[in-house]
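> predicted model and sequence below, questions to follow.
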Amino acid sequence: MARRNHLGLAIAGLLAAAYTVLFSCASIQRWESFNGTLFDLGIMIQTWYNTGQGRLLEESVNLGIPASRFWLAHWEFIYIPLALFYKLAPRAETLLVLQSLFLAVGALPVYLLARDRLSSQAAGMAFAAAYLLYPAMHNTNLFDVHGIVFSTSLILYAFYFLDKERIGWFLFFAFWALLCREDVAVIWGMTGIYIALTRKKIKRGALLAVFAALWFGVFYSRHLWLVSQFATEVSEAAKAITRPSHWAYLEGGKLIWEKPIYLLDEHFLTILNAAYLFWLFVPLAFLSLGSPWTLAIVSPILLINLLSDWYPAHVIEYPYTATLTPIIFVSAIYGLANVLRTFQKRGMHEARIQQLRRIILAAVLLCSIVACAVKSNLRKMAEWKRTSHHEAIDRLAAGIPENASLSVDTILGSRTAERRELYAFPDHIDSVDYILYDFANHEFRLMTRTSFFLTPAKPVDEHIWRVLNDPNYGVVQYEDGVALFQRGYEYKTGLRNLAIAQQQEIGNPLAIAVNDTLAFLGYTWHTNTRYWDTFYYHFTLYWRATHPLSHGNGAQFLLSNGEAGFSSPHNPAFGLYPPSQWQPGEIVREEVYWEIRDGFAPGHVTVSLQFEQDGEAVKLFDF
């Protein structure tokens, strides 16, 4: 009999191991394909790196100065012991594997709790499988790395031992969960009330609730002190990144009592919230509702999510469900036990109760599978593809010394984070050792300015223009639209590195004589780039002077779809390497961004070059 009991646990363990392998691979693939950015994966990699170097919880991105996250952001003390593993294997993959492993082992307390509460190994395995299929957990696993995510399994272990009245082990896991982030104090505060009211352990529950309140109170007091220490501009940044829950944007809570009707109408009673609740509870066939006292433990966090005007708090694609997941599973197990107990009290035969239990467990598995297929971001794994452009970025990044300071395009931040001084472009672009910028980035680009105020940015804006025209920075290397600037590098040499291309770069080679002195050699069409709701066609064009050129940059492109057209300036090498300096035979590149307009879909656009306002235009290519 004991061997049969161990068999169920072994199966749950094997499922957890399979989950660890699958989600470690998926997380690494997402990172390798540049789907993890500086916010937040780059920040977390830098924090682990610095902690491993003895600079506890230090990062430099949020405030634009190296500072401990203890003062400026969440309390994620769990990173300190986990950094020991990073010290042994100092790679970003270490973080991603550890996060997947931590989530996977939560299947074991789920199995044990369900098996014991429902007196069924099958129930244990069903709930363990449902846990490993839970889409909200998948999505927290596949969205960078966050301290709060490590709390999910620790809370589950704590509740298993609480259920067994093994208080020492409960406190052990509760403490480690508390180290994951300050939010967990809310869970333990509500758990203390739960213990006092439902288990009649008033002293024990009160002590836990008071300790949790003190922990969160100290955190919040630190926030108030921090804001008081800064001047106005940085104070606003400090307020943004140290509010008690970071994701509770309710005008400091004033909306709750000043505009309650507005709050309910605009924030609470929404279709988005209805969908959010549906996808939280449907994978477990709404069984969590069968244990309302247990579910009430997460009511403060759930309420903050539902009332927030921070969109990610209203969907299951982000880590804000990490502390909800364990309580939803515990309450679902208790909920099923309550349902079966109700029918037992009404005199239902034991065989019928077992049959009902099997039906409900089958429903849980079916709901979990369907929800996983519809909402798990694991289905995006096929889209996370590493490209030659990613390879080029990594080659340039490898040339940046680890002890050098770096201001980096946010999309590239997670690939360059293992250093003490890392800043989000354009922070410190006048003082860092290196700047890494991707002109070919097609993602929605975010920038900061003294820090944390994220704003959208065009591919070429005033900040990168400032760097391009700064004689203190030269382009060390330029490859596939990615530029690496180094402070002190010879500026004129850098301009040639920026401007001069090689024949093998040309994706679509052509040979068009524009006039007696200039030839168009072809183009490379990159992925369209986005700015807000505007998209641009991004091309790299290639030119060659067949003889010395005397004209300036007065030419323009004409784009026509046969019925309408628009013009765009001709500026090879961003206008920094004028045609009068071109040497016959060398290939000069030009990055262009043409706004995608109505009627200018691919297959219908002709590109021409015109040297004079009313002069004849020379057709270059169609796309």
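Arrived safely, thanks for sending. Here the structure is a predicted model, which means the values were calculated and not measured.

> longest helix anywhere in this structure?
Ordering each helix of the chain by length in residues (DSSP state H) puts helix 2-32 first.

> which parts of that one are buried?
In terms of neighbour count (16 or more other Cβ atoms under 10 Å), helix 2-32 has its buried residues at 8-9, 11-13, 15-16, 19-20, 22-24, 26-32. For glycine as for every other residue, the C-beta is placed from the backbone atoms N, C-alpha and C.

> right, and His526 touches His442 too?
Yes: in this structure His526 lies within contact range of His442 using Cβ atoms under 8 Å: 6.9 Å.

> what touches both of those two?
Residues touching both His526 and His442 (Cβ atoms under 8 Å, 6 or more residues apart in numbering): His538.

> who has more neighbours out of those two?
The residue with more neighbours, out of His526 and His442 and counting by other Cβ atoms under 10 Å, is His526; that gives 21 against 17.

> from Trp582, how far out is that one?
Going from His526 to Trp582 by Cβ to Cβ, to the nearest Å gives 24 Å.

> can you give me the strands for the stretch 501-623 of the chain?
Under the criterion DSSP state E, counting those that start in this stretch, the stretch 501-623 of the chain carries strands at the ranges 508-513, 518-525, 529-531, 534-545, 556-560, 565-569, 587-595, 606-610, 617-622.

> how about Leu264, secondary structure?
Using DSSP: H, G, I helix; E, B strand; the rest coil, the structure places Leu264 in helix.

> so where's this structure uncertain?
For the chain, the stretches flagged by pLDDT under 70 are 1-5, 223-224, 226-255, 444-455, 532, 550-553, 613-614.

> which other helices and strands does the longest helix of the chain contact?
helix 92-104, helix 107-118, helix 121-133, helix 135-141 (3 or more Cβ pairs under 8 Å, 6 or more residues apart in numbering; DSSP states H and E).

> tell me which of these lies nearest to Pro548.
helix 92-104 (49.6 Å; Cβ to Cβ).

> which other helices and strands does that closest one contact?
Using 3+ Cβ pairs under 8 Å, 6+ apart as the contact definition, the elements that helix 92-104 packs against are helix 2-32, helix 43-52, helix 79-88, helix 135-141, helix 151-163.

> would you convert those helices into TSV that also reports distance to Leu422?
Formatted as TSV, these follow (distance: least, Cβ to Cβ, whole Å):
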stretch	distance to Leu422
helix 2-32	16
helix 43-52	5
helix 79-88	16
helix 135-141	24
helix 151-163	26
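
> nearest to Phe566, out of those?
Of all the helices and strands packed on helix 92-104, the one in closest proximity to Phe566, counting by Cβ to Cβ, is helix 2-32 (37.8 Å).

> contacts only, for the spatially closest residue to Thr20 that is not a sequence neighbour.
Among residues not flanking Thr20 along the chain, Ala104 sits closest, at 4.3 Å (Cβ to Cβ, 6 or more residues apart in numbering). Counting by Cβ under 8 Å, 6+ apart, Ala104 makes contact with 16-17, 19-20, 23, 132, 153.

> looking at these, which two lie furthest apart in space?
The most widely separated members of the contacts of Ala104 are Ala17 and Ser153, with 14.1 Å between them, by Cβ to Cβ.

> and of the helices and strands packed on helix 92-104, who's closest to Trp71?
For Trp71, the closest of the helices and strands packed on helix 92-104 is helix 43-52, at 12.9 Å, according to Cβ to Cβ.

> now the element after the closest one, going C-ward?
Downstream of helix 43-52, the first helix or strand assigned by DSSP states H and E is strand 58-59.

> and that next one, what does it pack onto?
Contacts defined by 3+ Cβ pairs under 8 Å, 6+ apart place strand 58-59 against helix 43-52, strand 67-68.

> what about Leu277, which SS state?
Counting by three-state DSSP, the backbone at Leu277 sits in helix.

> would you mind measuring from it to Thr321?
Using Cβ to Cβ, Leu277 is found at 11 Å from Thr321.

> who's more crowded, these two?
Each of Leu277 and Thr321 had its neighbours counted (other Cβ under 10 Å), and the higher figure belongs to Thr321 (28 against 15).

> measure the more buried one to Leu366 for me?
The spacing between Thr321 and Leu366, counted by Cβ to Cβ, is 22 Å.

> with Ser100 instead?
With distances taken as Cβ to Cβ, Ser100 is found 25 Å from Leu366.

> could I get the strands of the stretch 501-623 of the chain as JSON lines with mean neighbour count and distance to Ala398?
Shown next, in JSON lines, are the strands of the stretch 501-623 of the chain (neighbours: other Cβ atoms under 10 Å; distance: least, Cβ to Cβ, whole Å):
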{"stretch": "strand 508-513", "mean neighbour count": "12", "distance to Ala398": "29"}
{"stretch": "strand 518-525", "mean neighbour count": "19", "distance to Ala398": "23"}
{"stretch": "strand 529-531", "mean neighbour count": "19", "distance to Ala398": "25"}
{"stretch": "strand 534-545", "mean neighbour count": "20", "distance to Ala398": "23"}
{"stretch": "strand 556-560", "mean neighbour count": "18", "distance to Ala398": "36"}
{"stretch": "strand 565-569", "mean neighbour count": "13", "distance to Ala398": "35"}
{"stretch": "strand 587-595", "mean neighbour count": "19", "distance to Ala398": "22"}
{"stretch": "strand 606-610", "mean neighbour count": "19", "distance to Ala398": "36"}
{"stretch": "strand 617-622", "mean neighbour count": "16", "distance to Ala398": "35"}
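
> so can I have JSON lines of those strands showing distance to Thr51?
Compiled in JSON lines, the strands of the stretch 501-623 of the chain are given as follows (distance: least, Cβ to Cβ, whole Å):
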{"stretch": "strand 508-513", "distance to Thr51": "48"}
{"stretch": "strand 518-525", "distance to Thr51": "42"}
{"stretch": "strand 529-531", "distance to Thr51": "35"}
{"stretch": "strand 534-545", "distance to Thr51": "39"}
{"stretch": "strand 556-560", "distance to Thr51": "51"}
{"stretch": "strand 565-569", "distance to Thr51": "48"}
{"stretch": "strand 587-595", "distance to Thr51": "39"}
{"stretch": "strand 606-610", "distance to Thr51": "52"}
{"stretch": "strand 617-622", "distance to Thr51": "52"}
